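Colleague: just need the structure, nothing else, for what follows:
(2 chains)
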2 protein chains.
Amino acid sequence: MSNNQPVKRVNRQTWHFDQNVRLQSSAVAVGPKEGEGPLAHLFDKIHDDMYAGQQTWEDAERQLMEDAVNTLLQKAGITGKDVDIILAGDLLNQNITTNFTAEKLAMPLLGMYGACSTSMLTLANAAALVNAGYANRAIAACSSHNATAERQYRYPTEYGGQKPPSAQWTVTGAGAGLVGIGGNGPRITYATMGKVVDMGIKDPFDMGTAMAPAAASTIQTHFQDTGRSPETYDLIVTGDLAAVGYPILKELMLAEGYDMDQVYNDCGLMIYSPDQDVFAGGSGCASSAVVTYSYIIDQLNRGLLKNVLVCATGALLSPVSTQQGNSIPCIAHAVALEGGS
Amino acid sequence: MSNNQPVKRVNRQTWHFDQNVRLQSSAVAVGPKEGEGPLAHLFDKIHDDMYAGQQTWEDAERQLMEDAVNTLLQKAGITGKDVDIILAGDLLNQNITTNFTAEKLAMPLLGMYGACSTSMLTLANAAALVNAGYANRAIAACSSHNATAERQYRYPTEYGGQKPPSAQWTVTGAGAGLVGIGGNGPRITYATMGKVVDMGIKDPFDMGTAMAPAAASTIQTHFQDTGRSPETYDLIVTGDLAAVGYPILKELMLAEGYDMDQVYNDCGLMIYSPDQDVFAGGSGCASSAVVTYSYIIDQLNRGLLKNVLVCATGALLSPVSTQQGNSIPCIAHAVALEGGS
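Modeller: Coordinates of the predicted model:
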């Protein structure tokens, strides 16, 4: 055995970032519906059209991801050449939003896929690479678009297909975060990487029920690995459990002795107001990314929140897996952010 | 700025692994066609049926990935509980092979997508996490299956669609590697992470031409970042440029002053014999994974090869992006392996 053991930075499923890793800057770009929601004043760019000036919805989603990253660079006062690597993913088959955007950005790309957990999957890995000296600066980015998601996962929107109230509304947006050592912005302190959890739920129109157990698994593991508890945090958010999954998660956590009542919210419930006709609430990679990279960062930077845990939740199904009668495997990845100097 | 700067382990696009990171074990599982090829004697498991005992081809591909990982654990003399994390991806929409397999393995999952570059994308990141102390042991795995890929990317095989000679044959197989500090097995010394390269090629039946420039970009960057050259290596392989892309890569490298003639081969040309009716050669995540995790590791362990560079190449298109008239963006990630104590 080698004497040259690396510093141990992991405890079970949780990574520790000990090198003053910071979320130095962030930016979000969204579509019109999100621009009419309660957090609109915090979004960097709001498009008033689902096509974002493009010819297809897929090109529109690329425009959103490009907007988020370019705005991020501007806000940070750097150019693309100052960034070593981009970690990104989206909901589209073969991650095409990510691939085409990364080509334009001319940055090395690590393509990742965690469905709606991708925001924290990419952020955690960006933090790990920066902490370990594999990048001076890394960008974590992801996107989703209501129309591209409907086309691919369900039906073209022109079909006018009806949905049950447990269904969710894919957020049209992109979020990007810049990770580096030192500087301003919240510290990224821990990340808990999730296991795939499948409780046998089969209904693709009820993702909240399917994903809540994965969120519970990751958050409980996070507490056990770090010695933390709900009381450590001012805010714990899930990405998109929404109206159906939210109470289920609270119940699952309480059953293990964790009372989340004072601190728990869900990005899919935060991004839209109740009168916006979004069924159970927002979903998509952008649900957690847009709320985190605007509202949560803003609250941390202004000292209104001190400790936040963002647990992004993903349903790892595909139309083929559902058609073949499989249940819905889910995953959740959580990142701990700490405001202040 | 913080005084607490991490050790710098990156030079431009290349990561350096300085903690005696090893590919401690590897395993591959394949389908019948691969089992009739020139490397068959080195494969751990050969299925004599494309269904691998399952009801669907998608389930068969999961069986292959599961076989590769379980065989890997056996060969290494460990259980799943001894593994901290799995980094994996496949060609199927939403990475379903990976997701369902990771659920059965009960390991934390980092889902990655690089099309046919996924083998080295996952291996490089596994090495980075282990080198940095984020995992004691990490598995890198990927898969592809001829029938699942045909169904998704092209046409159901029953259709009997004709293909041009530039087309390639998706390898049915899965490969997995175990990464840890010390022990036996080749050292993982460097990894060069690629940028997306798009030279405007649009023909999805000619991936070799599309991907060769990405491979050239990554290999040239690798040489520049490390001060190495073709002469450093006994063997440099690309993942699946195959018969059309192979000569193009040699030419692109020669144009920059790098003569690859003595050392260059391609996994898509190595995995099948010329009489196996595979058009231009093998492709798919498994092309590079199966050849690397069997033949190349074997040659390194037996001292027949000393320095190998594996450059896995991926075409980042989707059926939708092609249908919408886009060209084919590509990427290549390279990992340097060194045999001996």
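Colleague: any low-confidence regions in chain A?
Modeller: Residues of chain A that meet the criterion pLDDT under 70 lie in A:1-5, A:341.
Colleague: cutoff 50 now
Modeller: A:1-3 (pLDDT under 50).
Colleague: tell me the residue of the stretch 51-200 of chain A that sits nearest chain B?
Modeller: residue A:132 (3.3 Å; CB to the nearest CB). From N, CA and C alone the C-beta is placed, and that goes for glycine too.
Colleague: would you agree that residue is in contact with residue B:132?
Modeller: Yes: using CB atoms under 8 Å, residue A:132 is in contact with residue B:132, at 3.3 Å.
Colleague: is stretch A:235-247 positioned near chain B?
Modeller: No: Stretch A:235-247 does not reach chain B (CB under 8 Å from any CB of the partner chain); its nearest approach is 15.1 Å.
Colleague: please list the residues of the stretch 151-300 of chain A that sit near chain B.
Modeller: Residues of the stretch 151-300 of chain A lying near chain B (CB under 8 Å from any CB): A:152, A:181, A:182, A:183, A:193, A:194, A:195, A:196, A:197, A:198.
Colleague: chain neighbours aside, what residue packs nearest to the fourth one?
Modeller: Of all residues beyond its chain neighbours, the one nearest residue A:183 is residue A:24 (4.8 Å), with distances taken as CB to CB, 6 or more residues apart in numbering or on different chains.
Colleague: which residues sit in contact with that neighbour?
Modeller: Neighbouring residues of residue A:24 by CB atoms under 8 Å, 6 or more residues apart in numbering or on different chains: A:76, A:137, A:178, A:179, A:180, A:183, A:184, A:185.
Colleague: out of those residues, which sit inside strands?
Modeller: Of the contacts of residue A:24, the ones assigned to strands by DSSP state E are A:137, A:178, A:179, A:180.
Colleague: isn't the last one right up against residue A:139?
Modeller: It stands for residue A:180. No: the criterion here is CB under 8 Å, and residue A:180 misses it with residue A:139 at 10.0 Å.
Colleague: what is the burial count for residue A:48?
Modeller: For residue A:48, the neighbour count with other CB atoms under 10 Å in any protein chain shown is 10.
Colleague: doesn't it fall inside a helix?
Modeller: No: read with DSSP: H, G, I helix; E, B strand; the rest coil, residue A:48 is coil and lies in no helix.
Colleague: thought residue A:33 was touching it, still the case?
Modeller: No: the criterion here is CB under 8 Å, and residue A:48 misses it with residue A:33 at 10.6 Å.
Colleague: so the residue nearest to residue A:183: helix, strand or coil?
Modeller: What three-state DSSP gives for residue A:24 is strand.
Colleague: so how far is residue A:185 from it?
Modeller: According to CB to CB, to the nearest Å, residue A:24 stands 4 Å off from residue A:185.
Colleague: the closest residue in space to residue A:278 that isn't next to it in sequence: neighbouring residues, count only.
Modeller: Of all residues beyond its chain neighbours, the one nearest residue A:278 is residue A:169 (3.8 Å), with distances taken as CB to CB, 6+ apart. Number of residues near residue A:169 (other CB under 10 Å) recorded here: 26.
Colleague: did I read that right, residue A:190 in a strand?
Modeller: Yes: assessed by three-state DSSP, residue A:190 belongs to a strand.
Colleague: tell me who's in contact with it.
Modeller: Going by CB under 8 Å, 6+ apart, residue A:190 touches A:14, A:15, A:16, A:17, A:222, A:225, A:226, A:335, A:336.
Colleague: filter the residues you listed to the buried ones?
Modeller: Listed as buried from the contacts of residue A:190 are A:14, A:15, A:16, A:17, A:222, A:225, A:226, A:335, A:336; burial here means 16 or more other CB atoms under 10 Å in any protein chain shown.
Colleague: could you dump these to a markdown table with secondary structure?
Modeller: Formatted as a markdown table, these follow (three-state DSSP):
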| residue | secondary structure |
| --- | --- |
| A:14 | strand |
| A:15 | strand |
| A:16 | strand |
| A:17 | coil |
| A:222 | helix |
| A:225 | helix |
| A:226 | helix |
| A:335 | strand |
| A:336 | strand |
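Colleague: residue A:272 and residue A:37 touch, don't they?
Modeller: Yes: here residue A:272 reaches residue A:37: they are 4.9 Å apart, a contact under CB under 8 Å.
Colleague: comparing those two, which shows the higher neighbour count?
Modeller: Counted by other CB under 10 Å, residue A:272 and residue A:37 do not tie: residue A:272 has more neighbours, with 23 against 20.
Colleague: how near is that one to chain B?
Modeller: For residue A:272, the distance to chain B equals 25 Å [CB to the nearest CB, to the nearest Å].
Colleague: can you tell me the SS state at that residue?
Modeller: Here residue A:272 is recorded as coil under three-state DSSP.
Colleague: which ones are touching it?
Modeller: A:33, A:34, A:37, A:38, A:169, A:278, A:281, A:282.
Colleague: need the max-distance pair from those residues.
Modeller: Of all pairs drawn from those, the greatest distance, 14.6 Å, lies between A:38 and A:169 (CB to CB).
Colleague: which residues touch residue A:204?
Modeller: By CB under 8 Å, 6+ apart, residue A:204 lies in contact with A:153, A:315, A:317, A:322, A:328.
Colleague: for the residue nearest to the third one when sequence neighbours are not counted, grab the count of nearby residues.
Modeller: The spatially closest residue to residue A:317, leaving aside those adjacent along the chain, is residue A:328, at 4.6 Å (CB to CB, 6+ apart). Neighbour count of residue A:328, defined by other CB under 10 Å: 24.
Colleague: right, and residue A:328 touches residue A:318 too?
Modeller: No: between residue A:328 and residue A:318 there is no contact under CB under 8 Å: 10.1 Å.
Colleague: and stretch A:332-341, what's buried?
Modeller: Buried, per 16+ other CB under 10 Å, within stretch A:332-341: A:332, A:333, A:334, A:335, A:336, A:337, A:338, A:339.
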